[in-house]
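S.K.: requesting a structural model of the entry that follows:
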Amino acid sequence: MTHTRAASLLAVLTALLAVLLTPTPASAASLQEVTGFGTNPGALRMFRYVPDGLPAGRPVVVALHGCTQNASGYGTGSGWTQLADRWGFSVVLPQQQSANNSSLCFNWFQTGDITRGQGEAASVAQMVDRQVADVSGGPVYVTGLSAGGGMAAVLMAAYPEKFTAGGIVAGLPYGCAQAAGSPYVCMYVGATQTAAQWGDRVRAARPGYTGPWPTLVAFQGTADYTVKPVNMTDLVKQWTNVQGADQTADVSDTVAGYPHQTYRNAGGAAVVETYSITGMGHGQPVDPGSGSGQCGTAGAYLLDVNLCAAYRMGAAWGLDG
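M.R.: Now for the predicted structure:
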């Protein structure tokens, strides 16, 4: 063997040895399905995202997809799994099945699915219990888009002791279909209820409960013709009433150019926040990119409006620090 060939072979072997001895980075977390999380009376599927090496006591976010969506696509598209890695929390992603609803909508309008201890609401509550037990989870938050937003309101009302706060995107107030006489009247017209009547619907969902109730952050497009903006107005009436606050915003400003309002209770704590996304249709606001305030991926019902709803919710809940 010539000196040149020997040197070349030695270089190749050295490079190969370096590759073999280089530590392999830990595999990135991935979405996992969980079975056996309870009696599951609503026949839903449970998926979760847990960042590698997540310490005990970290928050849990329950994120409910909209109609025609699924757990994986919504978890990624909304930005929640991205933020879970960035800030250190786990995500529970319930998934609807076509046998329950052909459009894969959570049944926010069915009495049997929105009553404590029954149907889909009970299934999600069981997912929360399983997740908190498995990861020694800390405070739990619930959010959702459209029908998922409607179901987030259901969980805030029927299981208030489980959730610190909720985030509703293009969703509906609790009991809206029953108040309006139809889910479609609720979506397109709204239900005629006073703030006290809206609040009474929530209080009736969890009889005898004295609080604390979850706080609310809501997002709504002004050009949404699927779930009309009146529904965010009614969410404000409902949850300010539950929280003992009035319906006059204590702060009115803009965030990323969009009207933003904050309602405080008598103690000065922010209990309801709203973002009115000017000109946006039906969907979840996202802001794709790697900037500190950016998250999400644009797609069907995931609308790039230079504001990421998941980031704004997470920051309001203190998940960022």
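
S.K.: need the CA coordinates for stretch 70-85. PDB is fine.
M.R.: The C-alpha atoms that make up stretch 70-85 are tabulated as PDB, following Å, rounded to 0.1, in the frame of the first residue of the first chain:
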ATOM      1  CA  ASN A  70     -57.700  16.400  13.400                       C
ATOM      2  CA  ALA A  71     -55.500  16.400  16.500                       C
ATOM      3  CA  SER A  72     -52.100  16.300  14.700                       C
ATOM      4  CA  GLY A  73     -52.900  19.000  12.100                       C
ATOM      5  CA  TYR A  74     -54.400  21.400  14.700                       C
ATOM      6  CA  GLY A  75     -51.600  20.800  17.200                       C
ATOM      7  CA  THR A  76     -49.000  21.800  14.700                       C
ATOM      8  CA  GLY A  77     -50.900  24.300  12.700                       C
ATOM      9  CA  SER A  78     -52.100  26.300  15.700                       C
ATOM     10  CA  GLY A  79     -48.600  26.500  17.100                       C
ATOM     11  CA  TRP A  80     -49.300  24.800  20.400                       C
ATOM     12  CA  THR A  81     -46.800  22.000  19.900                       C
ATOM     13  CA  GLN A  82     -44.200  24.600  18.800                       C
ATOM     14  CA  LEU A  83     -44.800  26.600  22.000                       C
ATOM     15  CA  ALA A  84     -44.700  23.400  24.100                       C
ATOM     16  CA  ASP A  85     -41.100  22.900  23.100                       C
END
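
S.K.: so how far is that stretch from its chain's centroid?
M.R.: Mean-position distance between stretch 70-85 and its chain equals 9 Å (C-alpha atoms, centre = their mean, to the nearest Å).

S.K.: avg pLDDT for it?
M.R.: Mean per-residue pLDDT for stretch 70-85: 97.

S.K.: and the contacts of it?
M.R.: Stretch 70-85 is contacted by residues 29, 31, 45, 47, 49, 51, 61, 63-66, 89-91, 93-95, 104, 143, 145, 148, 284, 286, 295-299, 302, 308-311, 314, 319 when judged by C-beta atoms under 8 Å, 6 or more residues apart in numbering. For every residue, glycine as well, the C-beta is placed using N, CA and C.
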